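In: I'll drop the sequence and a predicted model, then ask my questions.
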Amino acid sequence: MSNEGDSEKHQPLDQNNLLYDKGTMRVVIFACISIVLAVMLTGSISYFVTQDAIVKKLKSQDMVYIIESIAAKIDGRVDRAKETSLILARDPVSIQWIASGETDNILGEYVKNKISNIAQDYDYANAFMVSGSTKNYWAEDSKLLHVMSESNPDDNWFFSALKVGKVVEINIDYDNERGGETFVFVNALLGDQKNPLGIAGVGLSLKDIAKDFQSYKFGEDSSLWLVDNQGKIQLSENIGQNGMYLNDFVPTTVVGQIIEDMAKEAVGGQFIEYADSKGKTMDLIYRTTKSKNWKVVFQMPRSESVGILNHIKWGVTIASLVSLLLIIFVFYFISNRIANPFKRAILLTQEMESKVNERTKELTDKNREIMDSIEYAQRIQESILPPVTSFTYVFTDFFIIWQPKDRVGGDFYWIRKIDESRSLIAVVDCTGHGVPGAFMTMAINSILDHIVAAFPDQPNQILSELNRQVKDTLHQKNSNQISDDGLDISICYVENKKRLLFAGAKMSLYVKRADQVYEIKGDRKSVGYRSSPEKIEFTNHEWMIEAGDAFYMTSDGYIDQNGGDNDYSFGRKRFIQTIADFGEIPMLEQRQAFEDLLIQYRGTELQRDDITVVGFSF
Amino acid sequence: METLYIEATKSTPEIQFDPGNNKISIKGQSYPENAFKFYEPVFVWMDAYLKQLEQEVVVELYFNMPYINTSSSKCMMMFLEKLDVAHQTGKKIMIRWYYDRENETALECAEEFKEDLTLPFEINPLGEEP
């Protein structure tokens, strides 16, 4: 392992970028935004729906209820006062006493007591009885408070009531004699309606009702007023406003609507919605009381009535924040739980990658070493192959195809000039190809070199001797070994360019003469195999050379090469046909033809075996 | 005995030896880098098989090998010789060798094997069985 390799594997690989890449962040942000939006949308919708419901309820129920209650209360009080006044006015003793001109003291005591008791027991500000004849105004506590005089404008009510003859009448009076308070007086005619003896009645202080008003205080800024037909505030829940005008608190147009009752007051109260000078929405309801043509007015700022909704606002905000926090937490959790294995995977991948790189480098180095070694072996193998010049010396024309399947191979060709007129040429195919084949060629070449001297003109004997020596050299002493190596060979002895002797071990010699191609088959025996007998006789085939004869020797590589439509071997027949087709042309061109044909035949298939073809002519 | 099955590769044939029904077949091309290594288990199996083979059992071997390289053919020869020896000792062994008519090399190869053997050796073109 080299340092270079180390530095390569520590390439800057930003883990954070891998774990929190832009895509993930985008998803997180998108998820946050959508969830917050969803929460806010839900919140807003519920806010508006609730607001709508609250306002609806406010208008149709709450404010109507308040105004109804107040009006009923006032009306109730007045009605009760009417009854009380009538009780006082129809009391026979009272009638008798007044009719007697208030002379009977016993009756007087009774009546005066009654007046006092009514005021006290029934919770009235005052009770009174006025005689039509004496004009005496009897008040509670047996006091003769005043004597009516037609010339006193304050007493007008008395004289007009007598004149009008209405059984019960209601008056509002600012009473000077009674400490300057506003009272609602309920007057009842005493005695016969057509000829009344006087007037009896009770007075209600509005202050009493004011207490009731305060109990209807609905919110901080809500207001409740009792307004007369002049727009004057007779009563307010805020006592300070008593005696002021509605104009001081409500826009004039709205006051107009209330006083004139332009909208024709609806059952239960008329509702008005307006914006005040500050633009705040106000809800206002008014109702006319039964007893007098007064208006009870209740108003409340919208902000206050829907104030409860602020809780929803806060709720939504908090929910959004909580969801955000949750999302962030969940993503943090996910990235830790899920991204961690991812991180581990990255680290593992890096480790594997660096290992693969290391191995690849080792393999590359090894491969280079082996290839260097094989290249060197190739040079050595090529060095045993005879140079071209040794062929030109013997043959007029020739070609050699030597194509090992790998850089080196088990095929080789061999030529030996014995003397000026005699030569030997051989094509040898040792078992195997590649390096093992090449080893064989080295050995066989060497053996062949040595044998030749003994049998220069007997190729068959050369083969027999070769068989014996190869068996001897290679493996006969170790019979346990399963490997069984040997060779196929064709060898020709040429004499004076006239006579040729051929011997073959599982190889043929092909001769083209005129239009014919002859295959001279060698013996069907291999050389040097364990199965080959120690002594094999090979056959010499004699061929008398004529001008134009062309000779071909080939190892099985060419004929066995697969390809074509069926992926079958090129075949002997096709080989012979090729010789027939191209045998006439110059040998170098034949070589081209043989090569092209085979390349075309094998197509995309790999070369199957070492190929050696030698062609020559004289 | 166990069945011997070797799947075919580009350079080695499919080998199917079933002792149950005495069917033995070798199909496919054979040109491994090391033929002896490839065929060694085949030899071992065949030795054991022949040893336990009873005299009267008829064994048929089917061959269909479009291409056999030199070293594989040496192995094949060794293999066939084992069968030949068994045949000579009286075991009923016969060989049916199939080849494609288009593939003359295969026929030549089969003929060469046949010549060296004494056991019944049928050579049939594919699809034209007798």
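Out: Good, I have the coordinates.
In: drop to CA atoms for contacts and neighbour counts, all remaining ones
Out: Fine.
In: A:Arg26 and A:Thr578, how far apart?
Out: Using C-alpha to C-alpha, to the nearest Å, A:Arg26 is found at 71 Å from A:Thr578.
In: which one of those two has more residues nearby?
Out: Set A:Arg26 next to A:Thr578 and count neighbours by other C-alpha atoms under 10 Å in any protein chain shown: A:Thr578 wins out with 16 against 12.
In: residues near the closest residue to chain B within the stretch 101-250 of chain A, how many?
Out: Using C-alpha to the nearest C-alpha, A:Gly219 is the residue of the stretch 101-250 of chain A that sits closest to chain B, at 95.5 Å. A:Gly219 is flanked by 11 other residues according to other C-alpha under 10 Å.
In: looking at this, it is in a strand?
Out: No: assessed with DSSP: H, G, I helix; E, B strand; the rest coil, A:Gly219 is coil; it does not lie in a strand.
In: need the contact list for it.
Out: The contact partners of A:Gly219, taken as C-alpha atoms under 8 Å, 6 or more residues apart in numbering or on different chains, are A:300, A:304-305.
In: looking at strand pairing, list the partners for A:Arg513.
Out: A:Gln516 (DSSP bridges).
In: that one: neighbour count?
Out: Neighbour tally, A:Arg513, other C-alpha under 10 Å: 18.
In: same thing with A:Asp411?
Out: Applying other C-alpha under 10 Å, we find 33 residues neighbouring A:Asp411.
In: quick one: the strands in chain B?
Out: Using DSSP state E, the strands found in chain B span residues B:4-6, B:14-18, B:23-27, B:58-64, B:92-99, B:121-125.
In: residues of stretch B:51-62 that come out buried?
Out: Residues B:53, B:59-62 are the ones in stretch B:51-62 that count as buried (16 or more other C-alpha atoms under 10 Å in any protein chain shown).
In: follow-up on the earlier one: for PyMOL, write a command that selects the buried ones of the contacts of A:Gly219.
Out: In PyMOL syntax, the buried subset of those is picked out as below (16+ other C-alpha under 10 Å):
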select buried, chain A and resi 300+305
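In: do you know how far the most far-flung residue of chain B relative to its centre is from A:Asn136?
Out: In chain B, the residue that sits farthest from the middle, by C-alpha atoms, centre = their mean, is B:Glu102; the gap is 20.9 Å. Here B:Glu102 is placed at a distance of 156 Å from A:Asn136 (C-alpha to C-alpha).
In: now A:Asp609
Out: 155 Å.
In: between the two, tell me which one has more neighbours.
Out: A:Asp609 (27 against 20).
In: pretty sure that one contacts A:Gln561?
Out: Yes: counting by C-alpha atoms under 8 Å, A:Asp609 does reach A:Gln561; the two are 7.2 Å apart.
In: mind putting the strands of chain B into JSON lines with mean pLDDT and distance to B:Cys109?
Out: Shown next, in JSON lines, are the strands of chain B (pLDDT from 0 to 100; distance: least, C-alpha to C-alpha, whole Å):
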{"stretch": "strand B:4-6", "mean pLDDT": "92", "distance to B:Cys109": "23"}
{"stretch": "strand B:14-18", "mean pLDDT": "92", "distance to B:Cys109": "18"}
{"stretch": "strand B:23-27", "mean pLDDT": "91", "distance to B:Cys109": "15"}
{"stretch": "strand B:58-64", "mean pLDDT": "91", "distance to B:Cys109": "11"}
{"stretch": "strand B:92-99", "mean pLDDT": "92", "distance to B:Cys109": "10"}
{"stretch": "strand B:121-125", "mean pLDDT": "92", "distance to B:Cys109": "11"}
